[in-house]
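Trainee: Build me a structure from this.
(one chain, ligands or ions: 1)
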Amino acid sequence: MTRRKIVAGNWKMNGSKESVVELVKSIQSNDAVDVVVAPSFVYLATVADLALASNLKVAAQNVSDQKQGAFTGEVSIPMLEDFSVSHVIVGHSERRSLYAETDAIVADKVDAVLAAGLTPILCVGETLEQRENGTTLAICNGQIDAVMNVVGAERFESVVVAYEPVWAIGTGKSATSEQAQEVHKGIRTHIAKTSSKAAEKVAILYGGSVKASNSAELFAQPDIDGALVGGASLDAAEFNSIIESAK
Ligand SMILES: O=C(CO)COP(=O)(O)O
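Mentor: So this is what the prediction gives:
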């Protein structure tokens, strides 16, 4: 089965009203690749209008698992639906480590995103210490299982996984394509133990210092179905080259 490539740009807490407009207008969509941009919530409306007109998909960087009510500072899934958001990044390592998002919270969010018919981009990944201890796959597969146990294998087929080794995020030190492929394959093999159909269908993106200079090699790996790009997605020329290399 050939899985469609996905290139997603996670803009994190960057940009201004002016710069996000400039950025989204400069990104080239591509019929062969799903191109996704994830602006900050406050720029979602502006970016969504421009993105959808140019055939780009829009993701939120986070969402509440609650529908509405007294949850100060939170944003709900129905609110995202008002802006034609199609994807939601869930469980990014920055949310896990800085905002105490546990596996249980991440699982509830993925469950809620799937229930709304949106696509969760579920982030998993090990710290440097965990890699050095040889627990990389145990950590990643544990993070996968926490979600699988809540949503079930059939619904998991609609999840996009992003393998983002914490030590590679924002450090300029990407995993090598061999290191990434090994983990992607390990995750896919693990999912196959529960459902071979889900293992075949689930797109597994790599994230962590992806740039135009290393994307083609990463995308050439059989289990790497695209990228979740941070810093390099803020530079339109760089991001366009990454999209181009995913064709
Ligand atoms: O965290 C990331 C994407 O979600 C990766 O960030 P960088 O590409 O800046 O390393």
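Trainee: contacts, neighbours, all on C-alpha from now
Mentor: Fine.
Trainee: The closest residue to Lys247 other than its chain neighbours and Asp65, how far apart?
Mentor: Of all residues not flanking Lys247 in the chain, Ala32 sits nearest, at 5.8 Å (Cα to Cα, 6 or more residues apart in numbering). Ala32 sits 32 Å away from Asp65, going by Cα to Cα, to the nearest Å.
Trainee: Spit out the contact partners of the residue nearest to Lys247.
Mentor: Arg4, Lys5, Lys247 (Cα atoms under 8 Å, 6 or more residues apart in numbering).
Trainee: if we take those, which one ends up nearest to the ligand?
Mentor: Within those, proximity to the ligand (Cα to the nearest ligand atom) peaks at Lys5, which comes in at 16.1 Å.
Trainee: ok, what's across the strand from the closest one?
Mentor: Val33 (DSSP bridges).
Trainee: Tell me the predicted confidence for Met1.
Mentor: At Met1, the pLDDT value in this model is 66.
Trainee: For the residue in the chain sticking out farthest from the centre, give me the pLDDT.
Mentor: Taking Cα atoms, centre = their mean, the residue of the chain most remote from its mean C-alpha position is Ala70, at 28.0 Å. You'll see Ala70 listed with a pLDDT of 98.
Trainee: swap in Asn55?
Mentor: Per the predicted model, pLDDT is 95 at Asn55.
Trainee: hang on, Ala51 packs against Val58?
Mentor: Yes - between Ala51 and Val58 there is a contact under Cα atoms under 8 Å: 7.0 Å.
Trainee: Quickly check: the strand or helix carrying Val37 near the ligand or not.
Mentor: Secondary structure assignment for Val37, by DSSP states H and E: strand 33-38. No - contact of strand 33-38 with the ligand (Cα under 6 Å from any ligand atom) is absent, the minimum separation being 9.4 Å.
Trainee: Any idea how far apart the tips of stretch 225-241 sit?
Mentor: Across stretch 225-241, first to last residue, Cα to Cα, it's 16 Å.
Trainee: could you check the distance from Leu56 over to the ligand?
Mentor: 17 Å (Cα to the nearest ligand atom, to the nearest Å).
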